[in-house]
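>>> My questions are about this predicted structure, shown below with the sequence.
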2 protein chains.
Amino acid sequence: MIKILVDCFGGDHSPEANIDGALAALRQFPDLQVILTGDEVVLGAKLAERQYDKERAEVVHAPQVIGCDERPTDVIRMKRDSSMMKAIMMLRDRDDIAAMVSTGSTGALVTGALVRIGRLRGIIRPAFCPLLPTMSGGIVGICDSGANVEVTPAHLRQFAIMASLYMENVYGVSSPRTALLNVGKEAGKGDGIRQEAYTLLQETPDVHFVGNMESRELLTGFYDVVVCDGFSGNVLVKSVEGTALELLKKLKRDIFSRTVYKVGALLMKRMFEEEKAFMNYQNYGGSVLLGTSKVVVKGHGSSKAVAVCKCIEQAYRMETSGLNPKIEAAIAKYEHYEE
Amino acid sequence: MIKILVDCFGGDHSPEANIDGALAALRQFPDLQVILTGDEVVLGAKLAERQYDKERAEVVHAPQVIGCDERPTDVIRMKRDSSMMKAIMMLRDRDDIAAMVSTGSTGALVTGALVRIGRLRGIIRPAFCPLLPTMSGGIVGICDSGANVEVTPAHLRQFAIMASLYMENVYGVSSPRTALLNVGKEAGKGDGIRQEAYTLLQETPDVHFVGNMESRELLTGFYDVVVCDGFSGNVLVKSVEGTALELLKKLKRDIFSRTVYKVGALLMKRMFEEEKAFMNYQNYGGSVLLGTSKVVVKGHGSSKAVAVCKCIEQAYRMETSGLNPKIEAAIAKYEHYEE
């Protein structure tokens, strides 16, 4: 049995989306067991309305609610009975539990995971690795996308090693083509951190380093992993999402501006639906946190059931593929990293 | 007469696009005079094929060619007879010349402008400010987008002042809504530089500061100016361009996959052409360099004549609106900035 905790509160569609996502995952994986954290009265009532294998779903009471503006450090200290902190503590304390999934506050989750769960041996800083679809029908992982706004070249090398192993073990991408996000393609571009990271990555046999990448090329399908600091990674991921969303909205508005366009769009209805699904990040799962000693997956705050189910699937595959021991083994091959 | 230098070499469509752009600008502004730099034999032959007001176009011979991989510092020292350096030196030396436009190497242009032309009084670092179209039909300026990969809070404040004055004086945006690019909207997000810049911007009456902006919102039309370091600004602008381009390519490919889609698209032909024009950065001019003591505009390397003409128009309007004296006056109001 693979046991995965699902933090059922904190998302825009909580707890329904989290519950339905968890039950969908149960149907997908016969050896999966889910532990739902949150208010047991609310969760119990919602579960009573649903059909599921009662042997494989458990509720753990966690009545406290985390406010929007609460500081991560306060959450850790003061909100031990919140659905997120309960999950974090259970993940830390129980060897039989493999992973957790949360759609709650990113800051609280990162801080909680770092302070309470800890890092894999040799890892300086855990990092997020969300995925985006590429135009060649594949996916690209962006690491880091927000856990570390400041980084060193050594961090960037570790992000590359972790994300490469993730893409290989969880998504079957062999020898993932890994690029460094930069302001130009030529070696020597960017600040000192980028220049040094470029050299370090060239000296890292565990990473198939293909050089610098400009953000313009992210979706081309030429790359499987893009390594960056959490600030520019965050800018990158959100600007792709925002541009796609705004363009689709504009397209829709323009279609409704003339009857002949509406007729044309009717003929292309299926195609537009496919484009919409293609650019919908709900279909690509969450942002896994790489480098923590147990598996933590962060779902988008706006996750619906399908996205939560995808997050649980990611956590399941990270655990069953033995990703974390492989990361530790790869990291151990390299010299001591300075903090 | 407003005299503007046009560097006619260095772009993908040089020199034709640069010549045609310059001649188009002449037709637009009766008091404009252009000085074209480059190989006089080539330029002379191209001009002989074209109709234009010969009184208002002059060629200055500059036969040297700048290679793709040449270091900016080498260009400045060794390529004084290149079309770009010739323009830079003439801009520096001649009081009657107002501005220059180039589609050549960004690095060489920034370094050349800094070292040979110099900064406005009080300006620590010049910064690029390209424009993107928003979904509400307006434009948004992004400053900096690549001239400075590392910045301080004081730099960011100056970028905000310069870009606000640019949007107001050249595009008629009154009291431009100015945001700080960050990883979250709440105050206190991001690294120390962002946190300090946030406070500084709140204390800057010359800037209508509206808080942090996540990259997801760039195209919404809620903002007129976005301030950022050159690294993340570069990532932002290029990822918007790349996402729009890749999506439009995908749409086109998908349309051709089925006959019924082709029929639908035929009905929507004009709409698709408008979308394409909307996302075509050629229609929004170049990336002006704010903060140099004379006006410098950088056109995209892929600029066609329409884009070069837009760049000349930007340079013309920057000069005739008296932007630079206004920037100096605004900057002088604030305390001494640390370098």
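Structure received. Numbering: from 1, shown residues only, chains lettered A, B, ... in the order given.

>>> Only C-alpha atoms from now on, for both contacts and neighbour counts.
Fine.

>>> so where does whatever residue of the stretch 1-150 of chain A ends up closest to chain B fall, helix or strand?
Residue nearest to chain B within the stretch 1-150 of chain A (C-alpha to the nearest C-alpha): residue A:149, separated by 6.2 Å. Taking DSSP states H and E as the definition, residue A:149 sits outside all helices and strands.

>>> residues contacting it?
By C-alpha atoms under 8 Å, 6 or more residues apart in numbering or on different chains, the residues touching residue A:149 are A:229, A:230, A:231, B:190, B:191.

>>> ranges for the helices of the stretch 51-200 of chain A?
For the stretch 51-200 of chain A, the helices defined by DSSP state H, counting those that start in this stretch cover A:72-78, A:83-93, A:106-112, A:153-171, A:192-202.

>>> out of those helices, nearest to residue B:248?
When the helices of the stretch 51-200 of chain A are compared by C-alpha to C-alpha, helix A:153-171 sits nearest residue B:248, at 27.1 Å.

>>> For that closest one, what is the distance to the chain centroid?
The chain centroid and the centroid of helix A:153-171 are separated by 13 Å, computed with C-alpha atoms, centre = their mean, to the nearest Å.

>>> Report whether it contacts chain B.
No: using C-alpha under 8 Å from any C-alpha of the partner chain, helix A:153-171 never reaches chain B; the gap is at least 15.6 Å.

>>> ditto for stretch A:62-72
No: Stretch A:62-72 lies apart from chain B when judged by C-alpha under 8 Å from any C-alpha; the minimum separation is 8.6 Å.

>>> Quick check: phi and psi at the most centrally placed residue in chain A.
What sits nearest the mean C-alpha location of chain A, by C-alpha atoms, centre = their mean, is residue A:287, with 0.8 Å. Torsion angles at residue A:287 (phi, psi; degrees, to the nearest 10) stand at phi -110, psi 110.

>>> And the pLDDT at it?
Predicted confidence (pLDDT) at residue A:287: the value is 95.

>>> That one and residue A:129 touch, don't they?
Yes: assessed by C-alpha atoms under 8 Å, residue A:287 is found in contact with residue A:129 at 5.3 Å.

>>> Name the residues of the stretch 151-300 of chain A found near chain B, please.
A:182-183, A:190-191, A:214-220, A:231-232, A:234-236, A:238-244, A:246-247, A:250-251, A:254-255, A:260-261, A:263-268, A:271, A:275.

>>> Pull out the buried members of the residues you listed.
Buried subset of those (neighbour count, 16 or more other C-alpha atoms under 10 Å in any protein chain shown): A:182-183, A:190, A:214-220, A:231-232, A:234-236, A:238-244, A:246-247, A:254-255, A:261, A:263-265, A:267-268, A:271, A:275.

>>> Which of these fall in helices?
Within these, residues falling in helices by DSSP state H are A:231-232, A:234-236, A:238-244, A:246-247, A:254-255, A:261, A:263-265, A:267, A:271, A:275.

>>> ok so, going back, and the contacts of residue A:149 as JSON lines, adding distance to residue A:196?
Formatted as JSON lines, these follow (distance: C-alpha to C-alpha, whole Å):
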{"residue": "A:229", "distance to residue A:196": "14"}
{"residue": "A:230", "distance to residue A:196": "17"}
{"residue": "A:231", "distance to residue A:196": "18"}
{"residue": "B:190", "distance to residue A:196": "23"}
{"residue": "B:191", "distance to residue A:196": "21"}
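
>>> Distance to residue A:23 and pLDDT for those - can I get that in TSV?
Converted to TSV, the contacts of residue A:149 look like this (distance: C-alpha to C-alpha, whole Å; pLDDT from 0 to 100):
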residue	distance to residue A:23	pLDDT
A:229	35	98
A:230	33	97
A:231	35	97
B:190	37	93
B:191	39	94
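
>>> quick one: which of these is nearest residue B:32?
Residue B:32 lies nearest to residue A:231 out of these, by C-alpha to C-alpha, at 43.5 Å.

>>> In space, what's closest to the closest one - neighbours in sequence excluded?
residue A:149 (4.6 Å; C-alpha to C-alpha, 6 or more residues apart in numbering or on different chains).

>>> cool, residue A:46 as well?
residue A:16 is the one closest to residue A:46 (C-alpha to C-alpha, 6+ apart), at 7.5 Å.

>>> Just confirm that neighbour contacts residue A:45, I think it does.
No: counting by C-alpha under 8 Å, residue A:45 is not a contact partner of residue A:16; they are 10.9 Å apart.

>>> Pick out whichever of the two has more residues nearby.
residue A:16 (19 against 10; other C-alpha atoms under 10 Å in any protein chain shown).

>>> separation between the more buried one and residue A:49?
Remark: distance between residue A:16 and residue A:49 (C-alpha to C-alpha, to the nearest Å) = 11 Å.
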